[in-house]
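Asker: Sequence and computational prediction follow.
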Amino acid sequence: MLEDLLTQALKQADQAEIFQVSSLSTPISFEANRLKSVEARDSSGVALRIIKNGRIGFSSTTDMSDMDGLVARAVEMLPFGAKTSMNFPAASEYADVVTFDQVTSDLKVEALVEAGSKLIDKLHADWPDIVWSAGVSKSVSSTTLLNSNGCHAEETTSAIGIGMEGTLVKDTDMLFVFEGQSTCRPTIDTDAIIASIERKLNWAEHVAPPPTGSIPVIFTPNAVADLLLEPLLEGFNGRNIVQSSSPLIEKLGTLVLDPRLSVWDDPTLPFISGSGAFDGEGIPSSRLPLIKQGVIANFIYDLQTAAQAGARSTGNAHRGLGSQPSPDTSVIVIDPGDTLFADMIAGYPKALLVESFLGAGQGNTLGGDFSANVLLGYAVENGKIIGRVKDTMVAGNVYTILKDIEALGSELEWVDGSLRTPAISCTGVSVSSKA
């Protein structure tokens, strides 16, 4: 059917590309310490992109019987489509990036419900005053991509994920804790989830005066994902490069950040839900350095932005069924440093340790600025955690604080199956409080 669709589209276009995706997911939710719902979601669809006379036409549908309409709508969009000089890629050899596990695919709903129930029961027994919620899910998705230049790529990915959230409300005081995992493998380390949540709760048992001013701030891996990653990666996005809005445009090959900092986009890692053998346009995946020992090494491009920049696609096209591709990262890996997390804390007479933020992303993120309220953070005094802080905000510039890092953690953690990072301690962060 897809090959017939390609042939039909080529009758009215110079080039054509078909992107088909199907997924079966089982989301399970727990609220107020008990099972709330079990669902099964089955979705599929196809998107068509065509090029004619240097313009792009696009359409998509979930109605697999409407292929004539799919082509007609893409042709109708041509006069209004973006100008382009790109060509769809030819056939390629793809590395064997393992993202599917049959055992994960075969997991029964009962096993997922049992995993969530055990976590809820254990945490509720130990912390009865806290209201616990959870989400457990399993999914299997398949992608097929083919174009008129000979590219034909197919891939199936399995994933299982779990997220736990606890809420404690006492008068005007609210405490939120969260922990989760995501993997293509069939097992979740529930002991690690419990240990992480209990550590956070033990540290949060007492409320402490927030340290303020320009003080060291320790960002845990979750906090790195929450606040630092987006403004940092915006500067590498090919869309911002071609629009001349990135502050890194003239910095390629230049030492900009701390020499201890190396950051990679690596979708070739096995059994990681963000990995894959090819990107959303059929370009083979590769381990791409973004920052090498503080030096800006590469920007990320899809076919369109690469053509506009006079560069080559870096295999970073991401897309959904209803949207055209755009450049984005897949799996970010930050190399570890040489400082234990416990030693980071022990090394400061006064500091702020942050687990999560509320309202992250405020400010001029394209310029690297950030500003956010601390959702869960702790005061450090004389090398020890003395309690949880309230009504505290942090602000700064990611390029400034990462230019001279205080300490880079030696222990790596996965966050959401798309980021592996150590804790990072920085100075130059402004910490303020309403208290």
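Answerer: Received it, and whenever you're ready, just let me know what you need.
Asker: Tell me which stretches of the stretch 301-435 of the chain form strands.
Answerer: Secondary structure of the stretch 301-435 of the chain (DSSP state E, counting those that start in this stretch): strands at 317-318, 326-327, 332-334, 350-362, 369-381, 384-388, 392-397, 407-408, 413-415, 419-421, 424-433.
Asker: The last one packs against which elements?
Answerer: Using 3 or more Cβ pairs under 8 Å, 6 or more residues apart in numbering; DSSP states H and E as the contact criterion, the secondary-structure elements in contact with strand 424-433 are strand 213-219, strand 350-362, strand 392-397, helix 398-401, strand 407-408. For every residue, glycine as well, the C-beta is placed using N, CA and C.
Asker: what lines up beside the second one in the sheet?
Answerer: By that I understand strand 350-362. When pairing is defined by DSSP bridges, strand 350-362 lines up against strand 213-219 (parallel), strand 369-381 (antiparallel).
Asker: So for that strand, mean pLDDT?
Answerer: Averaged over strand 350-362, pLDDT sits at 87.
Asker: hmm, back to that, and the strands paired with strand 350-362 as CSV, adding distance to A74 and mean pLDDT?
Answerer: Shown next, in CSV, are those (distance: least, Cβ to Cβ, whole Å; pLDDT from 0 to 100):
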stretch, distance to A74, mean pLDDT
strand 213-219, 45, 94
strand 369-381, 39, 95
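Asker: show me the biggest strand of this protein in terms of residues.
Answerer: strand 152-170 (DSSP state E).
Asker: how far out from the middle of the chain is it?
Answerer: Offset of strand 152-170 from its chain centre (Cα atoms, centre = their mean, to the nearest Å): 12 Å.
Asker: Which strands and helices lie in contact with that strand?
Answerer: Where contact means 3+ Cβ pairs under 8 Å, 6+ apart, strand 152-170 is packed against helix 102-106, helix 109-126, strand 131-147, strand 173-183, helix 190-203.
Asker: what bridges to the closest residue to T26 other than its chain neighbours?
Answerer: Once flanking residues are discounted, T26 sits nearest to K138: 4.8 Å by Cβ to Cβ, 6 or more residues apart in numbering. Per DSSP bridges, residues listed as beta-bridge partners of K138: T26, I160.
Asker: what angle separates the least confident helix or strand in the chain by mean pLDDT from strand 384-388?
Answerer: Using mean pLDDT, DSSP states H and E, the weakest-scoring helix or strand in the chain turns out to be strand 350-362, at a mean of 87. Between strand 350-362 and strand 384-388, the angle comes out at 50 degrees (axes from the mean of the first three to the mean of the last three Cα atoms, to 10 degrees).
Asker: pull the CA atoms of strand 350-362 into PDB?
Answerer: The C-alpha trace of strand 350-362 is given here as PDB (Å, rounded to 0.1, in the frame of the first residue of the first chain):
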ATOM      1  CA  LYS A 350      26.400  27.300  52.500                       C
ATOM      2  CA  ALA A 351      24.700  26.100  49.400                       C
ATOM      3  CA  LEU A 352      21.400  25.200  47.800                       C
ATOM      4  CA  LEU A 353      20.700  21.700  46.500                       C
ATOM      5  CA  VAL A 354      17.800  21.400  44.000                       C
ATOM      6  CA  GLU A 355      15.800  18.400  43.000                       C
ATOM      7  CA  SER A 356      13.100  20.000  40.900                       C
ATOM      8  CA  PHE A 357      11.600  23.300  39.700                       C
ATOM      9  CA  LEU A 358       8.200  24.800  39.100                       C
ATOM     10  CA  GLY A 359       7.800  27.000  36.000                       C
ATOM     11  CA  ALA A 360      11.200  26.200  34.500                       C
ATOM     12  CA  GLY A 361      12.000  27.700  31.200                       C
ATOM     13  CA  GLN A 362      11.100  31.300  32.000                       C
END
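Asker: relative orientation of that strand and helix 190-203 in degrees?
Answerer: 110 degrees.
Asker: Please renumber the chain so that the first residue is 868 from this point on.
Answerer: Done: numbering now begins at 868, and the last item shifts to strand 1217-1229.
Asker: What is the distance between strand 1217-1229 and the centre of its chain?
Answerer: The answer for strand 1217-1229 is 18 Å, by Cα atoms, centre = their mean.
Asker: buried set for that strand?
Answerer: A1218, L1219, L1220, V1221, E1222, S1223, F1224, A1227 (16 or more other Cβ atoms under 10 Å).
Asker: List the contacts of the nearest residue to G1002 once chain neighbours are set aside.
Answerer: In this structure, G1002 finds its nearest non-sequential neighbour in G1030, 4.8 Å apart by Cβ to Cβ, 6+ apart. Contacts of G1030 were listed using Cβ atoms under 8 Å, 6 or more residues apart in numbering, and they are A1001, G1002, F1045, E1046, G1047.
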